[in-house]
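Trainee: here's a sequence, model it:
(chains A and B)
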Amino acid sequence: MILALPLAIAWLSAVILAPLNGRLRWVGWLAIVQLSASFVALLWLGIDVLRHGANQVVAGGWEPGVGISLRADELGIVFAVVSIGALLVALIYEVLNGVHESFFPALVLFMATGLTGLFLTGDVFNFYVFFEISMASAFVLSGYGREQRQLRAALIFTVVNLLGSVIFLSGVTALYHVTGTLDMGQIARIMGERTASSSILIGVLFLVAFSIKLGLFPFHFWLPPIYRDSWPSVATIFAGALGNIGSYGLLRFGAELLEPELRFGAPVLIILGAGSVLYGSLQAITVRTSSEALAYSAVGNAGYILLGLAIGGPVGYFAAVLFALVNPVNKVILFLASDLRGWLAGAAFAIGAFSVAGIPPSAGFFGKLLLFQASIDAGNPWLVALIFTGSALSFLYMLRIYQRGFWADGKPDVFSSFWARALVLSVALLVVALGVWPEPMLSISRQAADVLLLGGH
Amino acid sequence: MILLLSLTVAVLFGSGSYLLMKRDLIRVAAGVMLISNSSVLFIIAAALRRGEAPIYPLPSDGLISDPLVQAMALTAIVISFGFTTLLLSLIYRLFTQHHSVDQEDLAAAERTADSELEPEQIWR
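Mentor: Just a heads-up that it's a prediction; the model follows:
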């Protein structure tokens, strides 16, 4: 029953927190304790899964494939750990700086519920339900702060993402129509044997739905306003936790469930990914505010995941998984540090910027290194050049943000607690530690990528 | 029957998308509602077949209708109901702040806010 524990803790805590006034200090700390408990349970489950392989529970004692199942494999659990970790950092940050609205802690816990369930489910319709739980909390959180510009950004975000959810639901329905099952393992098996043109259409539906969530180039238009105008901790939650739905969905549905369709569409994915990388990096250089530059940087980084996925094979999936896991951690550091002042925050921001640009010793270096390796293996010099250009551009815009944010004079001395700065710096030091001693990170990502290769076989 | 359903889904989705392009936010909300209802119909159409109700004891001869799509459709209806109320309350909050539900007015407010950004937030 250890499998249901992180989900149950988050869900119960969210219900307990809902009627409480989150602005009170003790309520905030209660939420932190509850989310930490869920996080520890996830880590425990993660160690169990990495040692003994995937873990499955079917509700109500039904046979697998009939009842609703929770399933933790290496891929799901690493995404869950990264996402809940990002939520925890954002929650601690907000409580340290003072929560502004009473609903904040409860909504963070509700989002944790949705995300944990989504990464630990083996059923595509449950994936949809948990996905909607986390999206519902995201819609309310996007209006956090009650300023006019936040509400305007929230409206675009809500309408576009509701449309994305409908597209995803249509994809799930079409999969059910074609395969007659909702179980991910069975779908992967049946789709692996099919070669019909209708499954290409299903692949396109999922690609569009997850590209909207991830903010890939032609579907990114809702992303910059929401990252620019929302509260820093909310932007952190969106970039560090919610965006993982898109990258996990692309990996799970693209590489595992619809593998033949992915291979068929690989040239299109390379074009979309390359467009995303170039467009995001160039826009990040030209925009006016640091949070907007970070938003476009997110668009650019999403492109790398798609490139890794399109190259495919053991090396391509490995690169995509590792990049998708390191990227949200970088975003957590950057969004929080750009809100703070002082040398602690400056150091944290510099580390995050190095990690995005892929400069050692940072975890981001290995993400870029594997992408280089994958594109050399694919024998495509254009991809190598593209990844190099993207990294050089990201170094340029990060330097620009750093210069304006931490060197320029006349910055108002915003009050922020010492502990908030220490928190951000400790996440940054974690990224350095992972870069200096990368063995665990690499072996775990390789195990997660192997799940994709084995899917359907 | 399948033809009729697919035509209905197409008309609902098409008119919903048309309303989504409108300036009036209430119409945008109506568009979202139509689109989510079209997806509910799409779910039902995915496994439509004539048969007995799937209740034990099952009839030994003949078909039973697929209970799973009905459960999925019910879940989707509940979720889309929740999101519709959320969207409408968001639009109401925008109305209390801007005294308008017209996208043009919101865009104008956006431009004013952009030009009023604090100097240190603007780089050029």
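Trainee: please state the offset of stretch A:115-122 from the chain centre?
Mentor: Put simply, stretch A:115-122 sits 13 Å off its chain's centre (C-alpha atoms, centre = their mean, to the nearest Å).
Trainee: I meant to write stretch A:184-194 there.
Mentor: 26 Å.
Trainee: repeat for stretch A:369-378
Mentor: Per C-alpha atoms, centre = their mean, the displacement of stretch A:369-378 from the mean C-alpha position of its chain is 22 Å.
Trainee: same question for stretch A:252-269.
Mentor: Stretch A:252-269 sits 20 Å away from the centroid of its parent chain (C-alpha atoms, centre = their mean).
Trainee: between the two ends of it, how far is it?
Mentor: With C-alpha to C-alpha, to the nearest Å as the measure, stretch A:252-269 spans 16 Å from end to end.
Trainee: so for it, mean pLDDT?
Mentor: The predicted model assigns stretch A:252-269 a mean pLDDT of 86.
Trainee: list the buried residues for that stretch?
Mentor: When burial is assessed from 16 or more other C-beta atoms under 10 Å in any protein chain shown, stretch A:252-269 yields the following buried residues: A:252-262, A:265-266, A:269. For every residue, glycine as well, the C-beta is placed using N, CA and C.
Trainee: and A:Asp349, what element?
Mentor: Rather than Asp, residue A:349 is Phe. Following DSSP states H and E, the helix or strand that holds A:Phe349 is helix A:343-357.
Trainee: the closest residue to A:Gly280 other than its chain neighbours and A:Ala284, how far apart?
Mentor: In space, A:Gly280 comes closest to A:Gly300 once its chain neighbours are excluded; the distance is 2.6 Å by C-beta to C-beta, 6 or more residues apart in numbering or on different chains. Counting by C-beta to C-beta, to the nearest Å, the gap from A:Gly300 to A:Ala284 is 7 Å.
Trainee: name the residues contacting each of the two.
Mentor: Common neighbours of A:Gly300 and A:Ala284 are listed as A:393-394 (criterion: C-beta atoms under 8 Å, 6 or more residues apart in numbering or on different chains).
Trainee: helix, strand or coil: sort out A:Ile190 for me.
Mentor: Three states are possible here, and by DSSP: H, G, I helix; E, B strand; the rest coil the one that applies to A:Ile190 is helix.
Trainee: for it, which non-adjacent residue is closest in space?
Mentor: Distances taken as C-beta to C-beta, 6+ apart place A:Thr179 nearest to A:Ile190, at 4.4 Å, with adjacent residues excluded.
Trainee: show me what contacts the one you found?
Mentor: With C-beta under 8 Å, 6+ apart as the criterion, the residues that contact A:Thr179 are A:186-187, A:190-191.
Trainee: which stretches of chain B form strands?
Mentor: Per DSSP state E, chain B has no strands. Nothing in it meets that criterion.
Trainee: tell me which helix or strand in it has the weakest average pLDDT.
Mentor: Least confident element among the helices and strands of chain B, by mean pLDDT, DSSP states H and E: helix B:103-115 (a mean of 78).
Trainee: what sits up against that helix?
Mentor: A:148-149, A:152, A:155, B:23-25, B:28, B:94, B:98, B:100.
Trainee: which parts of chain B sit against chain A?
Mentor: Taking C-beta under 8 Å from any C-beta of the partner chain as the criterion, chain B approaches chain A at residues B:20, B:25, B:28, B:32, B:35-36, B:38-39, B:42-43, B:46-47, B:68-69, B:72, B:75-76, B:79, B:82-83, B:86-87, B:90-91, B:93-94, B:97-98, B:106, B:109-110, B:113, B:117, B:120-124.
Trainee: and B:Ala76, how many neighbours does it have?
Mentor: Counted with other C-beta atoms under 10 Å in any protein chain shown, the neighbours of B:Ala76 add up to 26.
Trainee: surely it is in contact with B:Leu41?
Mentor: No. B:Ala76 is not in contact with B:Leu41 according to C-beta atoms under 8 Å; the separation is 10.1 Å.
Trainee: what sits closest to the closest residue to chain A within chain B if chain neighbours are left out?
Mentor: For chain B, the residue closest to chain A is B:Ala46, as judged by C-beta to the nearest C-beta, at 4.0 Å. In space, B:Ala46 comes closest to A:His177 once its chain neighbours are excluded; the distance is 4.0 Å by C-beta to C-beta, 6+ apart.
Trainee: burial check on that neighbour, number of neighbours?
Mentor: Other residues lying near A:His177 total 17 when counted by other C-beta under 10 Å.
Trainee: try the one 4 residues further on
Mentor: A total of 18 residues lie near A:Thr181 under the criterion other C-beta under 10 Å.
Trainee: any chance you could read off phi and psi for it?
Mentor: Backbone torsions of A:Thr181, given as degrees, to the nearest 10, read phi -150, psi 160.
Trainee: which residue is the nearest non-sequential neighbour of it?
Mentor: Counting by C-beta to C-beta, 6+ apart, A:Thr181 lies nearest to A:Ile187, which is 6.1 Å off, once chain neighbours are set aside.
Trainee: can I assume the one you found sits in a helix?
Mentor: Yes. Secondary structure of A:Ile187, determined by three-state DSSP: located in a helix.
Trainee: ok, it - contacts?
Mentor: When the contact criterion is C-beta under 8 Å, 6+ apart, the partners of A:Ile187 are A:124, A:175, A:179, A:181, A:257.
Trainee: before we move on, what about A:Val159?
Mentor: Residues in contact with A:Val159 (C-beta under 8 Å, 6+ apart) are B:20, B:28, B:32, B:87.
Trainee: save those as a markdown table, and put in distance to A:Leu75 too.
Mentor: Written out in a markdown table, the entries for those read as follows (distance: C-beta to C-beta, whole Å):
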| residue | distance to A:Leu75 |
| --- | --- |
| B:Leu20 | 35 |
| B:Val28 | 37 |
| B:Val32 | 32 |
| B:Leu87 | 33 |
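Trainee: and the residue of the stretch 51-200 of chain A nearest chain B?
Mentor: In the stretch 51-200 of chain A, the residue found nearest to chain B is A:His177; the distance is 4.0 Å by C-beta to the nearest C-beta.
Trainee: hmm, B:Leu48 and that residue touching each other?
Mentor: No. Here A:His177 does not reach B:Leu48: they are 9.8 Å apart, not a contact under C-beta under 8 Å.
Trainee: ok, back up a step: so for the helix holding A:Phe349, what gets flagged as buried?
Mentor: Residues of helix A:343-357 classed as buried: A:344-357 (neighbour count, 16+ other C-beta under 10 Å).
Trainee: tell me how many other residues crowd B:Phe95.
Mentor: Residues contacting B:Phe95 under the criterion other C-beta under 10 Å number 13.
Trainee: that one reaches B:Leu88, doesn't it?
Mentor: No. Taking C-beta under 8 Å as the definition, B:Phe95 is not a contact partner of B:Leu88, at 10.2 Å.
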